[in-house]
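Visitor: Starting from these lines, generate the structure:
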Amino acid sequence: MVKIPQKIEAIINKRQTRAVEIANLIPNWESLKSTLEELESYRLELSNDSEIAGRLKEINLASILTQINCEIEVLKNLKTRLSRPTLNIGVVGGMGQGKSRLLQSLTGLDDAVIPSGKKGVCTSALSKIFHESNLEGVKGEVEFYNWPSFRDEVIDLYYKHLDLGAKPDKPDIFKTKAFPGLPENKKDENYRYLYGRLRREYYNNFGSYSSLLDGSIRQLTQLEEIRKYVTQDNRDNNENRLSYNDLAVKDVRVFCQFVYQDVGKIGLVDLPGLGDDSILDVERLIKALKQDVDFVLFVRKPDITAYRGWEESDRKMFQTAREALGDFPLSKCSFMVLNKIKTGNYEQERQILEFCNYFKRDLKEHLEVANCAIADCTDASEVRTEILIPVLNHLTNQIDLFYEEYWRSCKNRLVKLQREIGNQLEKAHNALEGIGQKKDLGFDLWFDNELWPKLTNGLQRKLRELREKRNTKDTEFEAEVKAAVANCRSDAVIPSIDEIEMRSGEADSYKIAYYIYIKEIREKLSNYFKSLGRALQKLLEGVQSSVAEVLVKEANLGELTDKQEADFFQEIVKQLPDELDKLKQGFRDIQKLRGSYEDIIINWIRLHLEELAPDENLDPISQHQIPQSLDLTPPKPEPNPRLRSQIEQIMGTPISQAQMQEIVKLVVEPQSSFYDDMNTSGNMVLLPNNSRSEAIRSALDSLRHKVVAKCENTLSTQLSGPNELAHTMVREFVDRVLSAQGVQTQWRIFLRKEQDKVWPGFKQQKDYATVQQRWQQLANLAVDANKPDALRLL
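Guide: Numbers count the residues shown, from 1 in each chain. This is a model prediction of the structure:
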C-alpha cells in the first residue's frame, strides 16, 4: 500500500507539470489582452464621429477585458498554487475558537511560535508552518513588506475603506503629514474603531517599525524571536503594546518536525484570526486561499453557555472563503472541526459533546463541507486520529479529483471566453468596411489648377536664381579656400630641424629623409585641401535644402517626411513606386553624391600636388656635392642593397632586381649633367650635419610654397565652381521631374496615392480610409492573438 508521503510526492510532481503548462499560457492571454486594449482604446478615440460610433457600438470589448483580467488572475493564482513544493492545509477560525491550539497539537510547537491568547486576536501576521523530516528543533524566517507593498496592501486598504483620500506615496509623507480626518459618513462605531487603529498603531508608531519595511527576509534562529513578529498580544501590565514589529511583517515561515511525522511534504497556513481588524484579515484570507491553500480546516468551538447554533459570522467566513476560491470546489476540500473542549467535569463534557453533535447534524443546513470532525484541539492524540489522518486520507485520495474538476472548470471558461472574443472580433473585422468611400474628383482639380502650376513655377524660379549666379564666385567657398591655403602655409607642414635629424638617423640618410618628407608634405597639403570638399558639400546641401523647401511649400511633400537635405530626397525615393521611374530617378539623382566632393577639389589641383613626387626633385645635399678627382663619366647604375631595403621600407612593398636597376637609373642619370660642372673642381665640398638639416628644411619649405602658390592660383579660378555645380544639379533635377515625357502623370499617380497627406481638401473630411486601415490592422492583430491552441488548457 502506497504511504501518504509517497502519494503526496506524486501529487506534487503532477501539479508542477500542470504549473508549467499554465506558465506558458499566461503570456498568450496577456498578449491578447494588450491587443484588445489597444483596439478598445482606438474605438473610444473614434467615438466622437457619429457614423463610426454607430458602427462600433455593438462591439463590447470592455466586458471582455474585465473577464480576461479575472481569468489571468485565476491562472496566476493557480500557477502559484500548483508550483508549490508542498500541499498546504489552511486553518481558519474566529478568535477564541481554538485555531492556535489545533496548530500546536498538529505541529508540537508551543506559544513561543504559535501564540494563543485569551484577550482577543493574538496572531497578527500570516504564518506558514512546514513539516521537515529529521529536523532537530525549529527554524524560521520572516519576510517584511517593503514600502510600496506595505502602502498598497495595508495602508491603502484603510484609506479606501475609510474614504481618507489618496494614499501617501512616500514613507516620509505618511510619517510627517497631518493625519486626515474621518469623513462624516464614516463615523459609525466600526469605522471609528478602524480609523482609531490606523491612527493609533500604524500612524503614531510608524517610527517603531518603519526601519523594517525593506522587503528583506530575516532568518530566525531563536524561538522567542518568532513570537515578536507574529503576535500583537505582547503587552505590559497596563495592556500597552510593547512592540509593533508585527505590523511590518508580510508573512512568517516556520520549519519543524510535526508530531505525527508520516505526513510528507505538508504545510499548515495559520491565518490571522478573523475579528478586530476585518479589513486586513479578509484580504489576507482571500489571498492565502487563492495561492497558498489546497485544503481548509474551519475551526468552531460550540459555546454551551450561550447555547447558540450556527451564526451569521460562521456563514460569512465560509462565504468569504468560497468567493475567494471561485470555481474551486470548497465543499470537497474542506473539513469543519468542532472543538470539543475538556473541562474535567464528566457531565459538562457530556453536554459539550452532545452540543457538538447537534452542530454536526445541523451543519448541512448552513455550510457545505466534505466532513465534520469532533475533537479536543488541545489533545494531540485526538487531533491526529480524528482530524489529521482523515484529512490526509481525504486529501491524497480526492485532491486529484477536485483539481481535475477545477481544471475542467477553468478550461471551459477559457474556451467560452475565447469563443466570445472571436464573436466580438468578427463584428470588429467588418465593422468599418466601406465607410466613407467617395469618388473624389476634387483631387484632379487641385492637381491641375493649383499644385502643378505652383510646383512648376517654384522650381523654375529656383533654377533661374542659380543660373544668374552660376558664373559668380561664391564668397563662402572663397573664405574656405583662403583658410585652407593658410593652413598649407603654416609651420606645421614642414618638419623642424630636430625632426629632420631624428628621421635621418632612423633612415641613416639625410637624402632618404628628404624624399620621405616630400611624400608626407604632399599628404598634409592634400588633407588641407580636401577640407574644401566638405565645404563644397555643405554648400550644395544648402541648395538641396532650398529645392526641398520648394517641394514642401508647393507640393506639400513635407507631409510625407520630416527629413532634410539629401535625406529628404532619399525618403521620397523610398516612397515612390518603381513604376514611376522617371520621377524616382530625378529624386534619386539629386539626393546622391556625384562621386566625392573631395575628389572634385583634388582633381582641380592634382598636377600641382604631383610636383611633390620624390622622382621630380633632387635633394639639396646631392646638389652641393662636388667631386675632387673622379672619372666624371656617368657611372653605370648599380643597385645598392642597403638603398633597396630602405626604399622597400618606404614603399611598403618588395622591389625586384630589375625594378631596382630602373630606379637607380632614374635617380643617377638625371644627375649626369652635374658631372661636367664638377670637372672644374679638384676637391669635394661636404656640408656639415647641421647645414644638411637646414638645407633639407629650406628646400622642403621652398618646394611647399611653390606648390601651394600654384594650387591657390588654380583654386582662385574655381571660386564659381560651387555655383556651377549647384546650377547643374538643379537643372538636371528640373529636367527630370518637370520636362520628361509622362512625368506629370507620374506626379499625379504618386500624389493621388498620398492624397490623404498632401491634398489640403482631403484633410477637410474624415480620413475614413486611414481609420479603416488602422482599425483593420488592430482587429487582425487581435484575431492572430486569439488562436485557440495558444489560449486553452489541455
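
Visitor: Which parts of the stretch 1-150 of the chain are helices?
Guide: Remark: helices assigned in the stretch 1-150 of the chain by DSSP state H, counting those that start in this stretch are 4-45, 50-56, 61-83, 99-107, 147-150.

Visitor: Okay, buried residues for whichever helix or strand comes after the shortest one please.
Guide: Going back to what we said before, that points to helix 147-150. Using DSSP states H and E, the next helix or strand after helix 147-150 towards the C-terminus is helix 156-162. For helix 156-162, the buried set under the neighbour-count rule, 16 or more other Cβ atoms under 10 Å, comprises 157-159, 161-162. Glycine gets a C-beta too; all of them are placed from N, C-alpha and C.

Visitor: Can I get those residues in a markdown table including pLDDT and distance to Leu353?
Guide: What follows is the buried residues of helix 156-162, written out as a markdown table (pLDDT from 0 to 100; distance: Cβ to Cβ, whole Å):
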| residue | pLDDT | distance to Leu353 |
| --- | --- | --- |
| Leu157 | 91 | 41 |
| Tyr158 | 92 | 43 |
| Tyr159 | 93 | 47 |
| His161 | 90 | 41 |
| Leu162 | 92 | 44 |
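
Visitor: quick one: the helices in the stretch 601-750 of the chain?
Guide: 620-624, 641-651, 657-668, 672-678, 689-716, 721-734, 743-753.

Visitor: out of the buried residues of helix 156-162, who's nearest Leu781?
Guide: Leu157 (37.4 Å; Cβ to Cβ).

Visitor: Could you point out which residue ranges in the stretch 401-550 of the chain have low pLDDT?
Guide: 436-441 (pLDDT under 70).

Visitor: which residues of it fall in helices?
Guide: For the stretch 401-550 of the chain, applying DSSP H, counting those that start in this stretch gives helices covering 442-446, 452-468, 475-488, 497-507, 510-555.

Visitor: Kindly reformat those as a markdown table and extend each row with mean neighbour count.
Guide: As requested, those are exported to a markdown table (neighbours: other Cβ atoms under 10 Å):
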| stretch | mean neighbour count |
| --- | --- |
| helix 442-446 | 15 |
| helix 452-468 | 15 |
| helix 475-488 | 17 |
| helix 497-507 | 15 |
| helix 510-555 | 19 |
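
Visitor: For Lys462, find the nearest of the helices of the stretch 601-750 of the chain.
Guide: Of all those, the one in closest proximity to Lys462, counting by Cβ to Cβ, is helix 721-734 (6.3 Å).

Visitor: What helices and strands are in contact with the closest one?
Guide: Of the remaining helices and strands, those touching helix 721-734 by 3 or more Cβ pairs under 8 Å, 6 or more residues apart in numbering; DSSP states H and E are helix 452-468, helix 510-555, helix 581-591, helix 597-609.

Visitor: Could you rerun that using 7 Å?
Guide: In terms of contacts (3 or more Cβ pairs under 7 Å, 6 or more residues apart in numbering; DSSP states H and E), helix 721-734 is packed against helix 452-468, helix 510-555, helix 581-591.

Visitor: Columns distance to Glu616 on top of those, output as CSV?
Guide: What follows is those, written out as CSV (distance: least, Cβ to Cβ, whole Å):
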stretch, distance to Glu616
helix 452-468, 40
helix 510-555, 9
helix 581-591, 40
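
Visitor: Would you mind saying which of the ones you listed lies nearest Lys287?
Guide: Ranked by Cβ to Cβ, the member of the helices and strands packed on helix 721-734 that lies closest to Lys287 is helix 510-555, at 59.9 Å.

Visitor: Mind giving me the packing neighbours of that closest one?
Guide: helix 452-468, helix 475-488, helix 497-507, helix 565-575, helix 597-609, helix 620-624, helix 689-716, helix 721-734.

Visitor: Figure out which of these is closest to Met95.
Guide: For these, proximity to Met95 was assessed by Cβ to Cβ; helix 565-575 is nearest, at 73.2 Å.

Visitor: Now do that closest one: everything it contacts.
Guide: The contact list for helix 565-575 (Cβ atoms under 7 Å, 6 or more residues apart in numbering) reads 541, 544-545, 548, 557, 560-561, 563, 584, 587-588, 590-591.

Visitor: hey, C-alpha coordinates of it in PDB?
Guide: As requested, C-alpha coordinates have been extracted for helix 565-575 and formatted as PDB (Å, rounded to 0.1, in the frame of the first residue of the first chain):
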ATOM      1  CA  GLU A 565      18.500  67.900 -47.400                       C
ATOM      2  CA  ALA A 566      19.600  64.700 -49.100                       C
ATOM      3  CA  ASP A 567      17.700  62.700 -46.500                       C
ATOM      4  CA  PHE A 568      14.500  64.400 -47.700                       C
ATOM      5  CA  PHE A 569      15.000  63.200 -51.300                       C
ATOM      6  CA  GLN A 570      16.100  59.700 -50.100                       C
ATOM      7  CA  GLU A 571      12.900  59.300 -48.100                       C
ATOM      8  CA  ILE A 572      10.800  60.400 -51.100                       C
ATOM      9  CA  VAL A 573      12.700  57.800 -53.200                       C
ATOM     10  CA  LYS A 574      11.700  55.100 -50.800                       C
ATOM     11  CA  GLN A 575       8.100  56.100 -51.100                       C
END
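
Visitor: what's the angle between it and helix 721-734?
Guide: Relative orientation of helix 565-575 versus helix 721-734 (axes from the mean of the first three to the mean of the last three Cα atoms, to 10 degrees): 20 degrees.

Visitor: pLDDT below threshold where in the stretch 1-150 of the chain?
Guide: Confidence mapping of the stretch 1-150 of the chain against pLDDT under 70 gives the ranges 1, 117-124.

Visitor: Give the full set of residues in contact with the nearest residue to Glu368 once chain neighbours are set aside.
Guide: Leaving out its chain neighbours, the residue that sits closest to Glu368 by Cβ to Cβ, 6 or more residues apart in numbering is Ser331, at 4.1 Å. Contacts were defined as Cβ under 7 Å, 6+ apart; by that measure Ser331 touches 368-370.

Visitor: Quick one, grab the pLDDT at Ser720.
Guide: pLDDT for Ser720: 90.

Visitor: Is it in contact with Thr475, as I believe?
Guide: No: counting by Cβ atoms under 7 Å, Ser720 does not reach Thr475; the two are 10.9 Å apart.

Visitor: one step back: nearest to Cys377, out of the helices and strands packed on helix 721-734?
Guide: helix 510-555 (85.1 Å).

Visitor: how about the helices of the stretch 401-550 of the chain in TSV, adding distance to Gly267?
Guide: Converted to TSV, the helices of the stretch 401-550 of the chain look like this (distance: least, Cβ to Cβ, whole Å):
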stretch	distance to Gly267
helix 442-446	73
helix 452-468	79
helix 475-488	82
helix 497-507	82
helix 510-555	71
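
Visitor: Quick one: closest of the ones you listed to Gln219.
Guide: Of all the helices of the stretch 401-550 of the chain, the one in closest proximity to Gln219, counting by Cβ to Cβ, is helix 510-555 (67.3 Å).

Visitor: Could you give the separation of that closest one from the chain centroid?
Guide: 42 Å (Cα atoms, centre = their mean, to the nearest Å).

Visitor: ok and that helix relative to helix 689-716, angle-wise?
Guide: If you take the same axes, to 10 degrees, helix 510-555 sits at 20 degrees to helix 689-716.

Visitor: Selecting buried members of the contacts of Ser331 in PyMOL, what would you type?
Guide: Here the buried members of the contacts of Ser331 are turned into a PyMOL selection, burial being counted by 16+ other Cβ under 10 Å:
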select buried, resi 369+370
